[in-house]
Every structure is written in structure tokens, then in C-alpha cells.
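Undergrad: Fold the stuff below for me.
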Amino acid sequence: MHLEIATAEQYNCKPVQPYVPYKWPLALDLLKRNYEILFSDHTLEGLTPYFNIAKTCCIHTFGVTGYFTTDPENVEAILSTKFEDWGLGSRRLAIHSLLGEGYLFARWASMETISRADPTPVQAAVDGRVDLKPLMFEYTLNTTTALLFGEPHSSMTKEKACRAVRDWATFFATKAIKYKDEHGEEAAAKKYPFIIDLWKEMHEFDLVRDQLLHVLVAGRDSTASLLCWTFFHLVRNRTVLERLQRQIAAVPNQGDVTREQIQKLRFLRFAIVSLIAYESPFREQNHRTTSGGGPDGNSPVLMPKGAGIVWSVYHLHRLESIYGPDSRMFRPERWESGELIKKARPGAGYVDFNGGPRICLGKDYALMEASYAIIRILQTYPDIRIASGVPNEPVGAEKQTYTIGIYPLNGVHVNLY
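TA: Predicted coordinates for the structure are as follows:
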């Protein structure tokens, strides 16, 4: 049921009956197990048994109670209908030293920015073998920095400490504001459009810099993760790959790829949609709230202020109740009839770019960026295939690494020719 602000007197609130069982005092065995999962090679897959217990269940560790949910109505309440009841909790504190204060703005570049970045020149070994994973991160970082800073990241060093990253954004923000002061706002808007738009909106340097960092992370890591998993699964599913190649053949090999051309490639969109499933957002409550639980899984349950709840896109997009008995398979054609999207919505049975007030306003840019890379790589390397000697694991068995996003641990090794 929908999450609602409530008191124990207003509702017949009962504790969530389904819970993760434990044996040791204070559930220390669960704490040990969670650390093992966190540092394993199957981070999100290792949590699957927890999410399989019930649509909404609780976990007790070290005297603290938290909650897991894959209930689409609860997810919708967290993201949208009861958005004000929720905050980012400890995660906000963890990333503040890097990102500062910020949110995504809806002023994104046109296809021109993407088309200037060419993802196709790939340095392969003599046998044509290459790991696409670092190349995808290089591509998305290049396009995003060109959009945000007015020039590619290659003009700066590649240090990764929080201070170095913030100094990087400070450098370009300072450069753009100085250019505005020297040459006027109109000239600066042509050279540094994103930064000048932010400045006109905020008129505060620190906020401008922090916005750049927020969009940099979203534009680089999330899209690179999506591209990694796309090629990881395409080369393991030859029928899907060949169908996609036939559709992409309609796009000219030379010149820019237009937005209109990309939007006509429906099967490409289905393939991308099928792989937006490698995240695990977290929300911490600001108010006492109820969610579906109790003995029947649907009764109101009082959740005190500060209680944490995790909802997982990774597990939500694999629910058999929505996606069918083959929900764990990479099968883009399941979206073709249009019936699946009706089943997943209304509600939040499918969440591609978050939702509600925190919906990713870079959604269109990310889809265009990913689509462009897939089109050009498949056009340039029509014989792309899984590298020889690389295991073809079923979905869920692949090794994963989890940082800002989740990525194939051992890379995306392919043969190009």
C-alpha cells in the first residue's frame, strides 16, 4: 500500500512479519554476511535472497531495524507521492565532501555535443580482442566534460581524490566566469553554455561548481555502466545482436546521427531499457510513516523517523510478478507489444531514471549518448563477438563490482574482427 504519514493511533499498525532470519545475538551473523556480500564479486546478486523473502520485509542488525522493498507502490511513494517523507540519509553525508550541494538541471546539450565525441576508434590487439569497459568510461567522461566545461577532460590531469575532482570543477567554473567578465555574457554563453546558464540561475560560485560535479557524476558513471552492460549482454545473445544490427543498418555510416534517426530505432530502445537495472537507491525517513507489511504483506506498518529503507532497481526489474517467469533473462522483445509497460505502470514497477522530484533530468541526453555509441560501434565492428575463452555466464552469475554504480568486474572483453 502507499506510504503515508501516520501515528500508531491513526492506524492499526503492526510490525512487518517477514524478516531476514538471524541466529547470533544482535543479528551479528547478518552484519557479517552483509560485509561478505559487499566485498564479494556479486554485490547486488548476493542480496537477492533478502528481496525474495517478501515484497516488503525488515532486517535487524546490531539492534537497528531497516527495511527492504520491491513493492512498486512503496517505491512510487518514496519517489513521488510521499516524497517529502524521505531524505537521502547518511548517503548525503558520505558524498558531500565530493559533490557539495546540488541537483540536476534540465538544460542539456543537443546531439551536436555527442556527435563530436567519436567512440568508434578502438585500439585492439592483433587478434582483435579489446576490453570495452575503460573505453566506455573514457567516452562518457569526454562527452560530459565537453558539455559541462566547454572542453574535453584530456586537458586536465586524471587524479581521482575528492579535492582534485572539486579543483577540476573549480578550474573550469572560474575560467568561464572570468571569460564572461572579459568578453561579455553573450560570448561566454556560446563558449561555456552550461556554466553560464547555471550562473544566471544562481549567481553563487560554489553552487555553480557543485552543480557541475553532480551532473558530471550522473553523465559519466551511470551511462558508462549502461554501455558496459549493453555490450556485455549483446555479445552473449547473438540473436538479439543480429536483430539490432539489422535495424541500425538504416542509419548512415557517415555524418552525424540525428535524434530523429535514433528515436526510430525501437529495438535499440528496448535493448537499453532492458539493461537499466543495475542500481540500488537508498532513502532514510524524515517522518513516522507506514508501508505495506504486517502478516498479509499489505497492512500499514509504523516506521519511525530515521528508519532506513532500501529499494533496489536491480531486483524490482526482475520481479516475476511483472516481467514473467523469464524475468532474469536479457530479452528486449518483451517490451514490443506495449503490454509490459502498462503492467509496470501505474505505480513504479519500472524505474529507468529515478522518478518524482529527483527524476534524472539528463535522461534524454543519457539515452542519446548511449544510443550514439552503440550505433557507431556496431556499424564500425559488425563482427563484434564475445572474446574467445571468456565464459558466457547466465544473468546473475556474472561478476559485479559496486562503487557509484555497478559494473562488470572483469570488464567487457570482445573480439572486434
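
Undergrad: quick one: contacts of the helix or strand hosting residue 32?
TA: Of the helices and strands defined by DSSP states H and E, residue 32 is found in helix 28-38. Residues outside helix 28-38 that contact it (CB atoms under 8 Å, 6 or more residues apart in numbering): 20, 22, 23, 43, 46, 47, 59, 60, 61, 62, 402. Quick note: C-beta positions are derived from backbone N, CA and C, even for glycine.

Undergrad: Weed out the non-buried ones from these.
TA: For the contacts of helix 28-38, a neighbour count by 16 or more other CB atoms under 10 Å gives the buried set as 20, 22, 43, 46, 47, 59, 61, 402.

Undergrad: follow-up on the earlier one: list the buried residues of the helix holding residue 32.
TA: Applying a neighbour-count criterion of 16+ other CB under 10 Å, one finds 30, 33, 34, 37 buried in helix 28-38.

Undergrad: what would the buried ones among the contacts of helix 28-38 look like in JSON lines with distance to residue 327, pLDDT and secondary structure?
TA: Rendered in JSON lines, the data for these read as follows (distance: CB to CB, whole Å; pLDDT from 0 to 100; DSSP: H, G, I helix; E, B strand; the rest coil):
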{"residue": "20", "distance to residue 327": "22", "pLDDT": "91", "secondary structure": "coil"}
{"residue": "22", "distance to residue 327": "28", "pLDDT": "91", "secondary structure": "coil"}
{"residue": "43", "distance to residue 327": "20", "pLDDT": "85", "secondary structure": "coil"}
{"residue": "46", "distance to residue 327": "18", "pLDDT": "90", "secondary structure": "helix"}
{"residue": "47", "distance to residue 327": "16", "pLDDT": "89", "secondary structure": "helix"}
{"residue": "59", "distance to residue 327": "23", "pLDDT": "87", "secondary structure": "strand"}
{"residue": "61", "distance to residue 327": "28", "pLDDT": "82", "secondary structure": "strand"}
{"residue": "402", "distance to residue 327": "21", "pLDDT": "82", "secondary structure": "strand"}
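
Undergrad: could you pull out the helices for the stretch 101-250 of the chain?
TA: Chain-ordered helices for the stretch 101-250 of the chain, with DSSP state H, counting those that start in this stretch as the definition, fall at 111-115, 132-149, 162-183, 185-191, 193-202, 205-217, 223-234, 238-248.

Undergrad: any idea of the mean pLDDT for the helix holding residue 32?
TA: Averaged across helix 28-38, pLDDT comes to 89.

Undergrad: can you check stretch 353-361 too?
TA: Average pLDDT, stretch 353-361: 74.

Undergrad: Just the buried positions in that stretch, please.
TA: 353, 354, 355, 356, 358, 359, 360, 361.

Undergrad: And stretch 77-90, by the same measure?
TA: Burial within stretch 77-90, assessed by neighbour count using 16+ other CB under 10 Å, is assigned to 77, 78, 79, 82, 83, 85, 86, 89.

Undergrad: Same check on stretch 199-207?
TA: Taking 16+ other CB under 10 Å as the basis for neighbour counts, the residues of stretch 199-207 that come out buried are 199, 207.

Undergrad: so where is this structure shaky, pLDDT-wise?
TA: With pLDDT under 70 as the threshold, the chain has low-confidence stretches at 1-17, 88-126, 153-162, 277-302, 345-347, 361.

Undergrad: could you pull out the strands for it?
TA: Residue ranges of the strands in the chain, as given by DSSP state E, are 4-5, 56-61, 64-69, 86-87, 129-131, 282-285, 289-293, 299-303, 308-311, 385-386, 400-402, 406-408, 413-415.

Undergrad: Now do stretch 195-208: distance to the chain's middle.
TA: Relative to its parent chain, stretch 195-208 has a centroid offset of 26 Å by CA atoms, centre = their mean, to the nearest Å.

Undergrad: now residue 228: how far from residue 51?
TA: Taken as CB to CB, to the nearest Å, the spacing of residue 228 relative to residue 51 amounts to 23 Å.

Undergrad: In terms of neighbours, single out the busier of those two.
TA: Counted by other CB atoms under 10 Å, residue 228 and residue 51 do not tie: residue 228 has more neighbours, with 25 against 22.

Undergrad: Hmm, residue 412 and the more buried one touching each other?
TA: Yes. Distance between residue 228 and residue 412: 5.3 Å, which falls inside the contact criterion (CB atoms under 8 Å).
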